[in-house]
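>>> Any chance you can model this:
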Amino acid sequence: MSGPVQVAIVGDEDGLLASTARRLRPPGAVVLVGSPDLEGIALLADRPLVRGAPAAYVCRGMVCDLPVTSAADLAAALSN
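Sure thing, here's the model as predicted:
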């Protein structure tokens, strides 16, 4: 019903955001972790850090939520 879910995580290659996304992703979700504003990979392009902190961008279809910087906020976004 909510459509396909993609999670782009920047600046947190092996950190808490990445592990939270991998653990709580809905079935069929894509989780991609990489450098901020990484060109050549559409899901990571134009995805900056937020106030210097790692960030997660949760997208459904072609629409992305505002980025989150805490594992709790990411968990909430993935549960919707």
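>>> quick one: strands adjacent to the worst-scoring helix or strand of the chain on mean pLDDT?
Least confident helix or strand, the chain: strand 63-64 with a mean of 90, by mean pLDDT, DSSP states H and E. For strand 63-64, the pairing partners within the sheet under DSSP bridges are strand 55-60 (antiparallel).
>>> Residues touching the partner strand, excluding its own?
Strand 55-60 is contacted from outside by 2-12, 17, 20-21, 36, 43, 47-49, 64-65, 67-69, 74, 77-78, using CB atoms under 8 Å, 6 or more residues apart in numbering. For the C-beta atoms, the positions are set from N, CA and C on the backbone; glycine is no exception.
>>> Okay, and which of these map to helices?
17, 20-21, 74, 77-78 (DSSP state H).
>>> Reformat the residues you listed as CSV; add pLDDT, neighbour count and distance to Ala29.
Listed next are the ones in helices among the contacts of strand 55-60 as CSV, based on pLDDT from 0 to 100; neighbours: other CB atoms under 10 Å; distance: CB to CB, whole Å:
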residue, pLDDT, neighbour count, distance to Ala29
Leu17, 97, 26, 14
Thr20, 97, 23, 12
Ala21, 96, 25, 8
Leu74, 97, 24, 12
Ala77, 95, 20, 12
Leu78, 94, 20, 8
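>>> Let's have the residues you listed in JSON lines, adding distance to Ala56.
Formatted as JSON lines, those follow (distance: CB to CB, whole Å):
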{"residue": "Leu17", "distance to Ala56": "5"}
{"residue": "Thr20", "distance to Ala56": "8"}
{"residue": "Ala21", "distance to Ala56": "6"}
{"residue": "Leu74", "distance to Ala56": "5"}
{"residue": "Ala77", "distance to Ala56": "8"}
{"residue": "Leu78", "distance to Ala56": "9"}
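>>> For this structure, which segments are assigned as strands?
5-10, 30-34, 55-60, 63-64 (DSSP state E).
>>> what separates the third one from the chain centre, distance-wise?
What it means is strand 55-60. Computed by CA atoms, centre = their mean, to the nearest Å, the separation of strand 55-60 from the middle of its chain amounts to 4 Å.
>>> what does stretch 22-30 contact?
Counting by CB under 8 Å, 6+ apart, 4-7, 31, 43, 74-75, 78-79 sit against stretch 22-30.
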